[in-house]
Structures are given as structure tokens and as C-alpha cells.
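Visitor: curious how this folds, go ahead:
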Amino acid sequence: MTLFSEILSLEGVEGSLLFSPEGELLSWSFASSIQAHMDQKNWQSHFPNPGDIAKMIQSFDGMHEIELFFDAKKILIRNISPNYLTVIMNRSASTDMVRLVSDTLIPKLRKVKKTKKTSSFFKAFDF
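Guide: You can find the predicted model right below:
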């Protein structure tokens with residue numbers, strides 16, 4: 001059972017990422033239905049400078065929650081001090097359910113430290 005399995009079990013949720021305040025990826029998990037697609041993506045073309053992720057995360061300082069809407073997806077970013085939880089989901093997914101489930105995980109998410117798994121994430125996507 002992964003840290004994000006409860007969030008990923010919600011209908012329409014595709015992935016979760018946990019970032020430190022410095023922009024380091026602490027943990028991540030994607031639904032098995034899109035994992036192969038994620039592995040084949042050229043992530044370096046989207047983030048040629050990994051420092052850009054850190055700048056983006058640091059720009060969230062002081063916020064509680066941000067919800068970004070796109071054509072078919074939405075992204076919820078929550079400040080769970082000291083870390084930031086990012087949830088990627090379909091537009092039809094229930095943001096309220098994601099909030100409810102993530103609220104129950106906050107004590108665990110606050111304790112997460114960088115692990116070897118996170119470095120394999122960047123290797124998989126040529127970061």
C-alpha cells in the first residue's frame with residue numbers, strides 16, 4: 001500500500017506528487033492506467049531547468065490551496081506545511097473527496113523525507 005493509494009482510489013484521480021518547500025520531489029504515485037504513458041513522456045522538454053520546479057513551488061508560499069482547471073484535467077495543490085501536495089485528476093473528479101481523504105493523510109505527509117524512490121522518478125523522465 002503506497003502513501004497515496006487512498007487518494008488514487010478515488011474516481012477520476014490520476015496521480016499525486018508531494019514536494020518539499022524547496023521544490024524537491026519527496027514522493028509520487030500515478031494510477032496504473034496512465035503509468036505507461038507517463039514513463040514515455042519527454043519530461044526534460046517540459047522542464048529543461050529543474051530549478052524551475054523549485055521556483056514554482058516556492059511561489060506558493062503563503063497559500064493554502066490552488067485549483068487549476070484545464071480542458072480535460074484539473075490540478076489541486078495544497079499546502080500541508082511544510083510540504084505541498086499536488087493531485088492531478090479529471091475535471092469530473094470530486095475535489096471535495098480529494099480534500100477529505102488528503103486531510104486524513106496530512107500527519108503522514110508532513111513527515112515524508114526525500115528517499116531513493118524520488119531520484120528514480122527523475123531518472124525515469126531524464127531529469
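Visitor: so what's residue 90 closest to, chain neighbours aside?
Guide: Excluding the flanking residues, the one nearest residue 90 by Cβ to Cβ, 6 or more residues apart in numbering is residue 12, at 3.9 Å. The way it works is simple: take the backbone N, C-alpha and C, and place the C-beta from them, glycine included.
Visitor: how about the one you found, what does it touch?
Guide: Under the criterion of Cβ atoms under 8 Å, 6 or more residues apart in numbering, the contact partners of residue 12 comprise 89-90, 92-94.
Visitor: who touches the spatially most central residue of the chain in this structure?
Guide: Central residue of the chain (Cα atoms, centre = their mean): residue 17, 2.1 Å from the mean position. In this structure, residue 17 makes contact with 25, 27-28, 85-86, 88, judged by Cβ under 8 Å, 6+ apart.
Visitor: in PyMOL, how would I select the buried members of those residues?
Guide: Selection of buried members from these for PyMOL, criterion 16 or more other Cβ atoms under 10 Å:
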select buried, resi 25+27+28+85+86+88
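Visitor: what about the contacts of residue 17, which are in strands?
Guide: Those of the contacts of residue 17 mapping onto strands are 25, 27-28, 85-86, 88, per DSSP state E.
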